[in-house]
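[1] Fold the following, please.
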Amino acid sequence: MRALRIPLLGLCAALAACAAKKPPPPQRLTLGESTVEYRDYTLVKGSLCDADPRRLGPELQKINEVLEGFVTKSEDATKPDATAEQVEVLREGSKALGPVVQAHTKNLAGLNQCGFKKQAPFPDVIKKGDEVVKLAKARLDEAPTVLADADRRLAEKKWREDSNAREEAAKQTFCTAKTAVGNGDLYFARAEPHGKTQWMFCDGIMVEQASGSEPTVVIPESVSKKDRKRIQEKRYLDAAKSLPAEEIDKPGAEKPAEAKE
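    Residues are numbered from 1 along each chain as shown. Now for the predicted structure:
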């Protein structure tokens, strides 16, 4: 009986070794409309080099393609004129790709220990993989800053579009088609995100104030010399000064600004 136990123990050890080299289960990555599978072979020691090269090669190539596609498509999100859709590509990738990049980095490094590393397509897989991993890591590292800047720009753009619409509505409500120059009727005011505030009057005259400066009256060049004589600048400055701050249209305002006469 003692002699039979040795082969049995050896068989159990062999079976355990085989089981230990079974590749880890795939994990799913959903990016946009695409879903791909990837594995972190370092979770099971020896499983990468024991994998079937005919399956492993295409699997790693696919991850290279996914990362390259992300780098290419997310490039537009870093531009000042990026659209919400372009920014969303970077946002989605920044949420999903961290574990994929980490696993792919380890898998590519592990290929150097495999006997088939010099067989096609692995030399190209390693070379391309190293390139796209480096680019993807850089893009993911900058993503928080890029997204914060992009979100701020998009919010400002949306506010400006809405503010222009509110201005037009206020003008139609409070101004007449034949407003005389010098009447000093204020219909709208806007505080720009970067410090300048403007008060608009029905006769086309404006009061402007830069951050840290005194307000000034701005008269359009189209106003004739005769009409300029009717303009009392103090009237415009007083109207601007008397408008409550909460009624000045600004980013984050919860309600449209209303004109005050």
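
[2] When you work out contacts or count neighbours from here on, use the C-alpha atoms and nothing else.
    Will do.

[3] Go ahead and measure how far stretch 172-179 is from the middle of the chain.
    41 Å (Cα atoms, centre = their mean, to the nearest Å).

[4] again with stretch 180-194
    That offset, for stretch 180-194, works out to 35 Å (Cα atoms, centre = their mean).

[5] Stretch 153-160 now?
    Its chain's average C-alpha position is 14 Å from that of stretch 153-160, according to Cα atoms, centre = their mean.

[6] what sits up against that stretch?
    Residues outside stretch 153-160 that contact it (Cα atoms under 8 Å, 6 or more residues apart in numbering) are P80, T83, A84, P193, K250, P251, G252.

[7] Please name the spatially closest residue to the fourth one (chain neighbours excluded).
    When you say that, I think you mean P193. Counting by Cα to Cα, 6 or more residues apart in numbering, P193 lies nearest to P251, which is 6.8 Å off, once chain neighbours are set aside.

[8] For stretch 223-230, give me every contacting residue.
    Stretch 223-230 is contacted by residues V181, G182 when judged by Cα under 8 Å, 6+ apart.

[9] and if you look at stretch 93-101?
    Stretch 93-101 is contacted from outside by L29, T30, L31, Y38, L67, F70, V133, A136, K137, L140, A143, using Cα under 8 Å, 6+ apart.

[10] residues in contact with the fifth one?
    With contact taken as Cα under 8 Å, 6+ apart, L67 is in contact with V101, V132, V133, A136.

[11] which of these are the two that sit furthest away from each other?
    Spatially, the most separated pair among the contacts of L67 is V101 and V132, at 9.3 Å (Cα to Cα).

[12] quick one: which helix or strand includes the closest residue to L43 other than its chain neighbours?
    Of all residues not flanking L43 in the chain, P24 sits nearest, at 6.6 Å (Cα to Cα, 6+ apart). Of the helices and strands defined by DSSP states H and E, none includes P24.
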